[in-house]
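Visitor: sequence unknown, structure follows:
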């Protein structure tokens, strides 16, 4: 049986990545591509790397007949996303890649995103899309909220440690290094090649990055108390990849065991042998997340490093993984593509 | 039915690319990985990006039991390749990725590679592996010689024009821009990131690049007379990709028609609308080749630009395409992966 | 004696490069920085890499008191430039970095730039700023028109050959590879790091690039007949640098001798030993141009390769070289900075 | 008066960077270039970007007449350096760029570098070359030990804070991001462009990086007690630059004031306005270090970010700064080159 798929926001990087992945998915077929600003154009015009595919042209979202759609990916900006999804049929399965339904508390949403939430009922319905930890809820969900790409990486590194109480909850530092595609296809001076290439810097320093809303929500829920991490993202001259370096107080072997145990059966999360750490080059273009643990020379301190591809496991690959579950398919279907190296 | 596959020279970039592609191939299974220098190591140690795969460890080539192998890819350096292949069972299907069996004339081989050929009989037997032009021979071949990656790109751009007599055979210039992975994983100063990044240069200028042996052989055969092109490769700071800019004397529309006609039914070669030219970013990681034609302001001159990924369509993807034919499978099996962009 | 310098258009890359170079110039002092869109801001805000310098804040151009200025660099976009320069005092020495005064024939200007020229009298007055060939005129000029960066590179490679009649004037091909900073700090999708990094492509294919106006004008003037070259620029993933590969019909040794002779006394143009070719990495950040010549395997064909930094020798360094002459200083003053490698 | 300068180890990146900087130094002249492996070659052969300079050819170190040398830079690998310097005239001023004389305690040297020190007397004599903190000693020193490039960056960020007791000495984390030129011109697989470009990773995780020897020595000396920091370097795909992100427990304003005060008169260390953080792109190719401080959302925590160019301020620029002092020149002479951006 083939599932009929719509992608809204098909003209951005996460939309294109969804198309790339679904292109070789055995049971999904893209039947509608919505992109208001590019309506009337073919995918080949907007993304020439997809020109070999037999795809519908892009149309305005309100021109799509959703009655024939089995599942809809929504890769629109936040705020737009909640407006669009509110107007969709209430029975349509939706995987949202925006930030709009990640935070269960509307006040948290307003705090981090600056505007009141306009679809509070749906926000309650939404399931947080970190597959490895919400698998059962996702299987039965109608609306799944894809996580932030940084938030996914940090949680893969730290979440089991908090749940297993093997680290000090008041001394968690997460130093993140992100490739530039996470910023999307937006025209900003600091995203120009001439600005970014051969240079790198920290941004949103001091606890102002919006993905902290997700860390706070999830880590506090797991711990059963308020947990706040320090989180500094850095922009590095690479297109894909997130490397999260976590500094924790705890026994390194206990930290390792916690992670190894948590991910022992996971198809996409690989814990490297103790003492080895991952590289973004080894997960590029794939849905895999590699995690490593090293003990520091200072006793009682450990370093956890996690790497994933922000566009795949951090966003569109995660979305497809969730969609597989929602459609009753094997979670890994279409997602076992090997990383592209070099 | 599953084909049992061996890869010799698995520790190089083309070997790793073969593994990446075969990983999702429906009817091939890798049962032996040969790499003398890394024998005893697992693929995950040499190429951590492939650690999720269930692969045999690397062994010395002479330890492989070839009686159970259906097809063997040989991704060894030239000269080594002819020695190794000579020692394999004479009935084993082989796709060689080295330069050893590309040139039908042993004197040409010796001229371009500096040593006499040591397996002249097999050289006669080998079929030149440019699938789109040798498809029928490849289907029945035992030994197929994969083309040079530059040679493939240049031929996709120019070969139909020579066959159709739409260009002046004495005024063909091919200016090529190659990514660095084509040079392999060899430790050379000029391949260091600190040397190459942010800088680019011509090399093998003046007609000394070995792939000219292939151009001379193939273009002359097609034309029925000696054809010599001018060919200058350039190394640019990118990992994958070849962009060939061809300057020809001929009518641009006739040039376009020749190419459009030649590739009308090809699954991997896409001729862009007249006046558009390709980019390496739109074929990266895939088996596609994009070709564009533009007429120059000087009447009677045309520019042909072709782009492909040197590791995929230029090497390992082409090898898999040929292997599919040799094993009676659909030529595109396992190769329809979309390019990875951004 | 210190010369008082104004820079108009200080918020672009060529403006910043002028400031960088003048920062260590012994006899120039920047006393006014004009940038209408950034008026009121300090240079450190717009270009933090210049924050150590004691510079005037940026002001609107019409707020500058030009009576105290000895020389004015104008790094504004074309069309704006002719308007602004028309309104400056008619005695003020001006080095214009835009395209507005490069083409002596107003019809050529209109043809290549799409709008009629609005300052035809000044266009007549302007001297073409290719220092090595217009040195004496520049010394006495009031208004010097900086060349296009591609136009400079191509002329360094080919101009002596045309003047010395050592090549066939009807078979000249110039294949250019440019870094991205030549496109300026403009917000265009194809200049984003995620688009450009790891990919490259041809643009303005077929003879539509505006710098052809300069090639046509200069090469025809030197030859005493109409000369039209074929010219294809390519955008490569690097920030600085232009590499021009010229294909000419002529004796390689005669080609070499012509270039070696032309540049024998030039401080900034270095002709490499016969058979060697340059790399952009070896001129980055400097005012040097390296040129190499190789004979092709096809008798009577030669390849000339020239490399320079588009922001320095191709633009702001050239401008400073010309300003030195106009102010009676040694031409090399402040410009002998060594390239930055790696 | 012109100082006669020798550079030993001229064929490496720090040697080439010294030549680049000295090329425009008003009172230094390079009279000898020692490089045993490249003896007999010209600098232009080994580093074509320096071909415009009038330099002596490289010779074997033992062929240099040191009696005419005023100051010798030694840019050799550690261990070799102590052997070579031991054999130099005992009155010759030497700036060593290796690790051999950085650690005052021979046991510390042996612990971090794996071999006993063979010139313990000289090690005692050597002054640690972090100019801003050892200025007076350096002025009178005969032998100055250049710091590690990571060690310099971390100390610029943290040293005043330790001296001023504004942070908790037991909770200091230093997460460093380094460009690849810091690894030198050595032929290692992980330094290849195809490996490194578009990928990044942590290395020497857990407190095993040798520069920790310097941190331990210096921070403990300043604090008057043992101080151990956590330090994780990361290799990012850029050629030049180090970005150090320091996580400290302390009042952010006090942290800022400590740094602002420490560097108020420093010509090369710039403390950005409170709340701003630096980028490596803004110090590339220069001797400047930019530092920023931000308070975290968690009260009592601050983030300090420092950026410098590993080859300049982190190595050869620092060496020249020290040499200026040793020769009685102004400390900034020849070093006020503006950063190269873009």
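Guide: All right, it came through fine. Computed from a predicted structure; not experimentally measured.
Visitor: Residue ranges of each domain in chain A, please.
Guide: A:3-147+A:313-326, A:150-310 (automatic domain parsing).
Visitor: All the strands of the stretch 151-300 of chain A, residue numbers only.
Guide: Using DSSP state E, counting those that start in this stretch, the strands of the stretch 151-300 of chain A run over A:173-178, A:201-202, A:230-235, A:242-249, A:269-271, A:289-295.
Visitor: what about the second one, near chain D?
Guide: Yes - using CB under 8 Å from any CB of the partner chain, strand A:201-202 reaches chain D at A:201, A:202. C-beta here means a position set from N, CA and C on the backbone, and glycine is covered the same way.
Visitor: That strand: how far from the chain's middle?
Guide: Strand A:201-202 sits 21 Å away from the centroid of its parent chain (CA atoms, centre = their mean, to the nearest Å).
Visitor: related to what we said a few turns ago, let's have the strands of the stretch 151-300 of chain A in TSV, adding distance to residue D:315.
Guide: Below are those laid out as TSV (distance: least, CB to CB, whole Å):
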stretch	distance to residue D:315
strand A:173-178	23
strand A:201-202	21
strand A:230-235	23
strand A:242-249	25
strand A:269-271	37
strand A:289-295	27
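Visitor: related to what we said a few turns ago, ranking the domains of chain A by mean neighbour count, which comes first?
Guide: Among the domains of chain A, ranked by average contacts under mean count of other CB atoms under 10 Å in any protein chain shown, first place goes to domain A:150-310 (a mean of 22).
Visitor: Output the below-cut-off pLDDT ranges for the stretch 51-200 of chain A.
Guide: Applying pLDDT under 70 to the stretch 51-200 of chain A flags no residue at all.
Visitor: and chain A, which of its residues are near chain B?
Guide: A:13, A:16, A:19-20, A:23-24, A:47-53, A:181, A:197-198, A:239-240, A:270, A:278-279, A:281-286, A:288, A:290, A:311, A:336-342.
Visitor: isn't there a helix covering residue A:112?
Guide: Yes - Residue A:112 sits within a helix when classified using DSSP: H, G, I helix; E, B strand; the rest coil.
Visitor: Who are the contact partners of it?
Guide: Taking CB atoms under 8 Å, 6 or more residues apart in numbering or on different chains as the criterion, residue A:112 is in contact with A:103, A:210, A:212, A:213.
Visitor: secondary structure element for residue A:332?
Guide: For residue A:332, there is no enclosing helix or strand under DSSP states H and E.
Visitor: For it, give me the pLDDT.
Guide: pLDDT for residue A:332: 98.
Visitor: can you tell me the residue of the stretch 151-300 of chain A closest to chain B?
Guide: Closest approach of the stretch 151-300 of chain A to chain B (CB to the nearest CB) occurs at residue A:282, with a separation of 4.0 Å.
Visitor: Could I get the phi/psi values of the nearest residue to that residue once chain neighbours are set aside?
Guide: In space, and not counting its chain neighbours, residue A:282 is closest to residue B:49: 4.0 Å by CB to CB, 6 or more residues apart in numbering or on different chains. For residue B:49, the backbone dihedrals (degrees, to the nearest 10) come out as phi -70, psi -10.
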